[in-house]
Structure formats: structure tokens, C-alpha cells
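>>> just a sequence and a predicted model for now, questions to come.
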Amino acid sequence: MPVATRASLMTRLLLMFIRHQDGRSHPRKEKTTMPPRKSSKPATAPEPAKVAKKAGRSTRGRLDDGSANPIDVHVGARIRLRRTLLGMSQEKLGECLGLTFQQVQKYERGANRVGASRLFDLSRVLDVRVGYFFEEISSTAQAASPVEVIRGNVTKAIDVADDNPMTKRETLELVRAYFSISDPKVRDQVLSMAKALGGAN
């Protein structure tokens with residue numbers, strides 16, 4: 001066998017031997033999987049809002065039957081009362097707030113909730129304290145606050161009507177008719193007559 005061929009063969013055999021020995025001295029490690037770590041964080045009760053959403057209840061205070069929250073209805077009635085007492089139309093109030101009169105209607109019906117910033121603007125335009133909108137609120141309405149709705153304690157529309165004459169439609173119509181009189185002297189006469197009739201009874 002030629003010397004070159006013999007050297008090449010010896011080189012190959014030597015390489016094979018080295019690789020074999022290297023494999024024995026460094027055995028292949030099998031891949032192991034670590035068990036999942038258990039969370040040490042204690043279990044907490046689900047948030048009321050998430051529970052309400054899962055149950056199909058509104059997180060914005062509306063009742064399950066879709067009716068407006070009684071507190072929103074009360075605030076809307078107070079807006080309507082004050083606006084009427086000032087002789088202001090829904091269009092005029094909407095103009096002062098940068099709203100359409102349809103949006104004012106929804107506020108007054110309680111169909112749309114009045115946000116904090118909007119309530120602040122309303123208090124300035126109608127010249128009342130913010131607390132005015134929550135005055136004379138019935139205990140029934142208070143018991144139907146949004147958090148009670150979220151918890152599922154209130155699900156159906158409830159009657160929040162009270163005996164306050166200032167919230168009755170008859171009163172609002174009388175005030176509207178009074179302010180429709182353009183002559184201030186005639187208005188004074190009507191007011192004097194109403195006071196006299198009230199005193200007679």
C-alpha cells in the first residue's frame with residue numbers, strides 16, 4: 001500500500017477514534033422539563049364589574065330590563081325643574097352646553113347619564129350648586145345606585161315617584177305658562193292671585 005494512502009487511512013481511523021472517545025466522555029444529556037411553578041398569589045374574589053358583565057348586567061347602572069337607573073332619572077328631573085323655573089327652553093340649555101336639544105331631552109329623562117364634568121357645567125348654567133341635583137332624592141332611588149345594580153340587588157324598574165309637588169308635571173306646566181307671559185306686570189298679577197288663592201285654602 002502506498003505511503004500516502006496508508007497515511008490517509010491512519011488519519012481517518014484516528015479521527016474516528018477521537019470522535020468515539022469524545023462521545024463517551026461527554027454523553028448526550030436528555031432534555032428534562034420542569035414542572036410548572038405554582039403561583040403563591042392568593043385567590044381573590046372576582047371584581048363586581050366582571051361578575052356583572054358575565055351575568056349580562058350593565059356596569060353603567062342600567063337595570064336588567066334596560067330601564068334607566070332611578071338616580072339618573074332623579075337628576076334628570078332636577079335639571080328639567082330648574083330649567084323650567086328659569087324659563088329656559090331645551091334648545092337654549094343645549095346651546096349653552098354645546099349640545100342638541102335631543103341630548104338635553106335624554107338627560108332630563110335619565111336615558112343618558114350625566115357625567116361629572118357635564119354636571120359641573122349644568123350647575124353653572126342653571127346657577128345652582130352641584131348638590132342641588134341630588135336634593136330630595138328618595139330612599140328608594142338611593143337603594144338603586146349603580147353599585148347595587150352591579151351586585152344584582154336591583155334588576156327591574158322601580159317606582160321612584162314621591163309627593164314633592166315641585167317634580168310634578170302640573171307644576172312644570174304652571175311654571176312654563178307663567179314664564180310665557182311676556183309682560184312682567186301681568187306676571188306679578190298672576191303671582192299675586194296665585195298666592196291669594198293659596199292663602200284662601
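The structure has been received and is ready for your questions. Numbers count the residues shown, from 1 in each chain.
>>> all contacts plus neighbour counts: C-alpha atoms, from now on.
Will do.
>>> how about Phe179, nearest residue that isn't a chain neighbour?
Gly87 (5.6 Å; Cα to Cα, 6 or more residues apart in numbering).
>>> now the one you found: how far from Cys96?
14 Å (Cα to Cα, to the nearest Å).
>>> repeat for Asn112
18 Å.
>>> between these two, which one's more packed in?
Neighbours per residue (other Cα atoms under 10 Å) separate Asn112 from Cys96, with Asn112 holding more: 18 against 14.
>>> residues near the nearest residue to the more buried one once chain neighbours are set aside, how many?
Leaving out its chain neighbours, the residue that sits closest to Asn112 by Cα to Cα, 6+ apart is Lys106, at 5.4 Å. Burial measure for Lys106: 15 neighbouring residues, criterion other Cα under 10 Å.
>>> and the pLDDT for Lys106?
With respect to pLDDT, Lys106 scores 95.
>>> so where does it fall, helix or strand?
Applying DSSP states H and E as the criterion places Lys106 in helix 101-109.
>>> report the buried residues of that helix.
Residues of helix 101-109 classed as buried by neighbour count (16 or more other Cα atoms under 10 Å): 101, 103-105, 107-109.
>>> and stretch 122-140, by the same measure?
For stretch 122-140, by 16+ other Cα under 10 Å, it's 122-123, 126, 133-134, 137.
>>> what do you get for stretch 185-197?
Within stretch 185-197, judged by 16+ other Cα under 10 Å, the buried ones are Arg187.
>>> mind exporting that stretch as PDB, just the C-alpha atoms?
Output of stretch 185-197 as PDB, limited to C-alpha atoms (Å, rounded to 0.1, in the frame of the first residue of the first chain):
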ATOM      1  CA  LYS A 185     -96.600  93.400  35.300                       C
ATOM      2  CA  VAL A 186     -99.100  90.700  34.300                       C
ATOM      3  CA  ARG A 187     -96.800  88.000  35.700                       C
ATOM      4  CA  ASP A 188     -96.800  89.900  39.000                       C
ATOM      5  CA  GLN A 189    -100.600  90.000  39.000                       C
ATOM      6  CA  VAL A 190    -100.800  86.300  38.200                       C
ATOM      7  CA  LEU A 191     -98.300  85.500  41.000                       C
ATOM      8  CA  SER A 192    -100.300  87.700  43.500                       C
ATOM      9  CA  MET A 193    -103.500  86.000  42.500                       C
ATOM     10  CA  ALA A 194    -102.000  82.500  42.900                       C
ATOM     11  CA  LYS A 195    -100.700  83.500  46.400                       C
ATOM     12  CA  ALA A 196    -104.100  84.800  47.400                       C
ATOM     13  CA  LEU A 197    -105.800  81.600  46.200                       C
END
